[in-house]
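# Fold the following, please.
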Amino acid sequence: MKKIVFLFIAAVMSCVSVQNVYAQSAVLKNFDYGPLITDFGMHAKIPNVSLSSETQLKVAFDVAAPGQGGKVNRKFDSLARFLNMHVAAGVPKENIQLALVVHGKAGMDLLVHETYSKVHQQDNANKALLLELMKNNVSVILCGQSATAYEINHSQLIKGVKMDLSAMTAHALLQQQGYTVNPF
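Sure, this is the predicted structure:
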């Protein structure tokens, strides 16, 4: 009887998995990467949007939750998606200024492979994305208070990541420069 119940549950779970894969691929069929960052930031092109080549965007993203070990932090990927979808909609890359303010355990996602692998036993999947973001003029800022709490020093950070006194300070300074905070 236990075998029959186990086999039934296994059959149901495999059907659910197949349905999830099908549903996900069906949903994502209208999504693509690029035009700016080609390996991250999937988005859908939307015709007839109300953006112009004059649109100016200055947006800060706040991230405190770490990604799952070995996977790209979905919140970091949001910046690539933001860049890709707005450039695809006609906003010049030069008109988009983004900042990624990282605090809490998400600070671990900013570590070089050597340090990251001591904690997660694998390379940091975020490194390539972060380098692409910074190559596209995104400021990546780590909260100094979180860095101290998690014993992170400058030498452990991916090259180009900056550290500020705190995430609160970073956001206050960014707001003075005209940045808005993205709630997503």
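
# Find the centremost residue of the chain, please.
Phe76 (1.3 Å; CA atoms, centre = their mean).

# avg pLDDT for the helix or strand that residue falls within?
Using DSSP states H and E, Phe76 sits within helix 74-88. Averaging pLDDT along helix 74-88 gives 97.

# Please spell out which residues along it are buried.
By neighbour count on 16 or more other CB atoms under 10 Å, the buried set for helix 74-88 is 75-88. For every residue, glycine as well, the C-beta is placed using N, CA and C.

# Which helix or strand lies directly C-terminal to the lowest-mean-pLDDT helix or strand in the chain?
Ranked by mean pLDDT, DSSP states H and E, the weakest helix or strand in the chain is helix 2-28, scoring a mean of 44. Once the chain leaves helix 2-28, the next helix or strand it forms, by DSSP H and E, is strand 31-32.

# now the helices: where do they sit in this structure?
Counting by DSSP state H, one finds helices in the chain at the ranges 2-28, 74-88, 113-120, 127-135, 144-149, 167-176.

# The third one to helix 127-135, inter-axis angle?
Relative orientation of helix 113-120 versus helix 127-135 (axes from the mean of the first three to the mean of the last three CA atoms, to 10 degrees): 130 degrees.

# what's the spacing between helix 113-120 and its chain's center?
19 Å (CA atoms, centre = their mean, to the nearest Å).

# Extract the C-alpha set from it and format it as PDB.
What follows is helix 113-120, C-alpha atoms only, in PDB (Å, rounded to 0.1, in the frame of the first residue of the first chain):
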ATOM      1  CA  HIS A 113      34.500  34.200  -5.800                       C
ATOM      2  CA  GLU A 114      37.100  33.300  -3.200                       C
ATOM      3  CA  THR A 115      35.200  34.800  -0.300                       C
ATOM      4  CA  TYR A 116      31.800  33.800  -1.500                       C
ATOM      5  CA  SER A 117      32.800  30.200  -2.000                       C
ATOM      6  CA  LYS A 118      33.900  29.900   1.600                       C
ATOM      7  CA  VAL A 119      30.300  30.400   2.600                       C
ATOM      8  CA  HIS A 120      28.400  28.800  -0.300                       C
END
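
# Identify the residues contacting that helix?
The contact list for helix 113-120 (CB atoms under 8 Å, 6 or more residues apart in numbering) reads Gly69, Gly70, Met108, Asp109, Leu111, Gln122, Asp123, Asn124, Lys127, Ile152, Gln156.

# Narrow the residues you listed to those that are buried.
Met108, Asp109, Leu111, Asn124, Lys127, Ile152, Gln156.

# Okay, domains of the chain per the record?
Using automatic domain parsing, the domains assigned to the chain come out as 1-29, 33-182.

# residue contacts, the residue nearest to Asp62 when sequence neighbours are not counted?
Spatial nearest neighbour of Asp62, excluding adjacent residues (CB to CB, 6 or more residues apart in numbering): Val101 at 5.2 Å. By CB under 8 Å, 6+ apart, Val101 lies in contact with Ala60, Phe61, Asp62, Val63, Ile141, Cys143, Ala167, Ala170, His171, Leu174.

# Alright, I will stop here.
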